[in-house]
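Q: I'll drop the sequence and a predicted model, then ask my questions.
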Amino acid sequence: GQNIDQPTEMTATEGAIVQINCTYQTSGFNGLFWYQQHAGEAPTFLSYNVLDGLEEKGRFSSFLSRSKGYSYLLLKELQMKDSASYLCAVILRWAAGNKLTFGGGTRVLVKP
Amino acid sequence: EAGVTQFPSHSVIEKGQTVTLRCDPISGHDNLYWYRRVMGKEIKFLLHFVKESKQDESGMPNNRFLAERTGGTYSTLKVQPAELEDSGVYFCASSLSLGETQYFGPGTRLLVL
């Protein structure tokens, strides 16, 4: 089966940095997505990693190590509006279709 | 550009009734996906359309669920008859082509009593 793990909940202070880890054990791998989801809203795309390394996009960065089955999402200069759930999702082999396999999500609470 | 839209936003029905959910993808997106999140669990894939054809329906739970995408534009997902365990949030997503980013709608919250 496919297994994608991420912490359930994290708390951080406004202005600080938080790192959300995601580990995966899947039969095949063709990329990893991070989405942000505010309560009651649509998951919104944050980043997509295919190759090893760090992708930076403003205050958000995402890292991937394919050999270790590991990714993290780094949120810098936290703002109150960053309080949300962060979803890690993997695309398996293209032959297995284009479906995303999700982790359970990490709820991040930013405190003043 | 309008995003993915879903209707209704909420639905409360009784066990045994029928419910139809609708998804309008981003204009021009050939790929349309349905996902579901039941209470306390992760979002799970249901099926994938390429235009009007079902590319992958491996995630459909049983034959009470019927998805269509006539004309290759909007899609409907019908649950008939609904059971208690069908309660959850049903998400639709679309992408321009295979391998491209999937953009999600806000979901339909279904409660079966």
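A: Cool, the structure landed. Residues are numbered from 1 along each chain as shown, chains lettered A, B, ... in the order given.

Q: how would you label residue A:48: helix, strand or coil?
A: What DSSP: H, G, I helix; E, B strand; the rest coil gives for residue A:48 is strand.

Q: So for it, what's the nearest residue that isn't a sequence neighbour?
A: Spatial nearest neighbour of residue A:48, chain neighbours left out: residue A:33 (5.3 Å); criterion: C-beta to C-beta, 6 or more residues apart in numbering or on different chains. (Glycine included, C-beta is placed from N, CA and C.)

Q: which residues does that neighbour bridge with?
A: Beta-bridge pairing for residue A:33 (DSSP bridges): residue A:48, residue A:89.

Q: That one: how many residues sit nearby?
A: Residue A:33 has 21 neighbouring residues, counting by other C-beta atoms under 10 Å in any protein chain shown.

Q: so it sits right up against residue A:50, yeah?
A: No - in this structure, residue A:33 is not within contact of residue A:50 by C-beta atoms under 8 Å, at 10.2 Å.

Q: Show the contacting residues for residue B:84.
A: B:15, B:112-113 (C-beta atoms under 8 Å, 6 or more residues apart in numbering or on different chains).

Q: so what's the backbone phi/psi at residue 72?
A: Just going to use chain A. The phi and psi values for residue A:72, taken as degrees, to the nearest 10, are phi -140, psi 150.

Q: my bad, the chain I had in mind was chain B
A: Dihedral angles (degrees, to the nearest 10) for residue B:72: phi 70, psi 20.

Q: Give me the buried positions along stretch A:60-78.
A: Residues A:60-64, A:66, A:69, A:71-73, A:75, A:78 are the ones in stretch A:60-78 that count as buried (16 or more other C-beta atoms under 10 Å in any protein chain shown).

Q: is any part of it close to chain B?
A: No - counting by C-beta under 8 Å from any C-beta of the partner chain, chain B has no neighbours in stretch A:60-78; the shortest distance is 13.3 Å.

Q: Spell out which residues of chain B are next to chain A.
A: Counting by C-beta under 8 Å from any C-beta, chain B sits next to chain A at B:3-4, B:31, B:33, B:35, B:41-45, B:48, B:55-56, B:58-59, B:91, B:93, B:95, B:98-99, B:101-107.

Q: Show me how to select, in ChimeraX, the buried members of these.
A: Those of these that count as buried under 16+ other C-beta under 10 Å are selected in ChimeraX with:
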select /B:4,31,33,35,42,43,44,45,48,55,56,59,91,93,95,102,103,104,105,106,107
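
Q: any idea how far residue A:6 is from residue B:32?
A: 27 Å (C-beta to C-beta, to the nearest Å).

Q: And for residue B:15?
A: 28 Å.

Q: So the two - more neighbours on which side?
A: residue B:32 (28 against 12).

Q: What residues does residue A:110 make contact with?
A: A:11-14, A:78-80, A:82-83.

Q: Give the helix, strand or coil label for it.
A: Here residue A:110 is strand, with the state taken from three-state DSSP.

Q: and the gap between it and chain B?
A: For residue A:110, the distance to chain B equals 22 Å [C-beta to the nearest C-beta, to the nearest Å].

Q: Quickly list what the spatially closest residue to residue B:8 that is not a sequence neighbour is bridged to.
A: What sits nearest to residue B:8 in space, not counting adjacent residues and going by C-beta to C-beta, 6+ apart, is residue B:108, at 6.0 Å. For residue B:108, the beta-bridge assignment (DSSP bridges) gives partners residue B:90.

Q: Residue B:108: neighbour count?
A: 22.

Q: give me the low-pLDDT residue ranges for the chain?
A: You didn't say which chain, so I picked chain A. A:93-97 (pLDDT under 70).

Q: Oops, wrong one, chain B.
A: B:1.
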